[in-house]
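Chemist: Here is my input; please provide its structure:
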Amino acid sequence: MATRQPGRCPDCGEVVTVALRKGQPGRVLPHGCPSRLCEHARCRVQGLADQMIRFQSGEWYCPGHALLLVARELVALHRARGEANWTAISEILGETLPAVIAKLEHGHLPTQGE
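Modeler: Numbering: from 1, shown residues only. You can find the predicted model right below:
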């Protein structure tokens, strides 16, 4: 039988309820943690939501991988057959890219997870 006691979330630092079972490590119970893990393959960077970039698709990325994905998308849109989709390119340049650059410039860099 598990006992519950107060503890701290190792990701966000909030006071949370921890479930304890004899012979097992404590388990932090769900609490709406604002910490996010980068969804890029093999990336272990984790940070609070204000340090990460959320794409319209709902995926979260560290600023470095967000920049990489935005750059790839811009190149793909520019190289598309026929005329480039300048409306989509303009939206990325005007909305998405400035947010990524701002987080990189202002030091919102999450740490590498263990």
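Chemist: Return the residues in contact with residue 16.
Modeler: Residues in contact with residue 16, defined by C-beta atoms under 8 Å, 6 or more residues apart in numbering, are 6, 7, 8, 9, 28, 29, 31. Using the backbone N, CA and C atoms, a C-beta is placed for each residue, glycine as well.
Chemist: List buried residues within those.
Modeler: 7, 9, 28 (16 or more other C-beta atoms under 10 Å).
Chemist: re the thing from before, now for the contacts of residue 16, which pair is the farthest apart?
Modeler: Put simply, by C-beta to C-beta the two of the contacts of residue 16 set farthest apart are 8 and 29, 12.5 Å from each other.
Chemist: So what would you say the end-to-end distance of stretch 9-18 is?
Modeler: 9 Å (C-alpha to C-alpha, to the nearest Å).
Chemist: hang on, I meant stretch 19-28
Modeler: Using C-alpha to C-alpha, the two ends of stretch 19-28 sit 6 Å apart.
Chemist: For that stretch, could you pull out the residues that count as buried?
Modeler: Buried residues in stretch 19-28, defined by neighbour count with 16+ other C-beta under 10 Å: residue 28.
Chemist: rewinding a little: turn the buried ones among the contacts of residue 16 into JSON lines, including secondary structure and distance to residue 71.
Modeler: Output for those, formatted as JSON lines (DSSP: H, G, I helix; E, B strand; the rest coil; distance: C-beta to C-beta, whole Å):
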{"residue": "7", "secondary structure": "strand", "distance to residue 71": "41"}
{"residue": "9", "secondary structure": "coil", "distance to residue 71": "33"}
{"residue": "28", "secondary structure": "strand", "distance to residue 71": "36"}
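Chemist: Nearest to residue 20, out of the residues you listed: which one, please.
Modeler: Using C-beta to C-beta, the buried ones among the contacts of residue 16 come closest to residue 20 at residue 7, 8.9 Å.
Chemist: Touching, that closest one and residue 19? I think so.
Modeler: No: if you go by C-beta atoms under 8 Å, residue 7 and residue 19 don't touch, sitting 9.5 Å apart.
Chemist: which residues of this structure fall in helices?
Modeler: 63-79, 86-91, 97-105 (DSSP state H).
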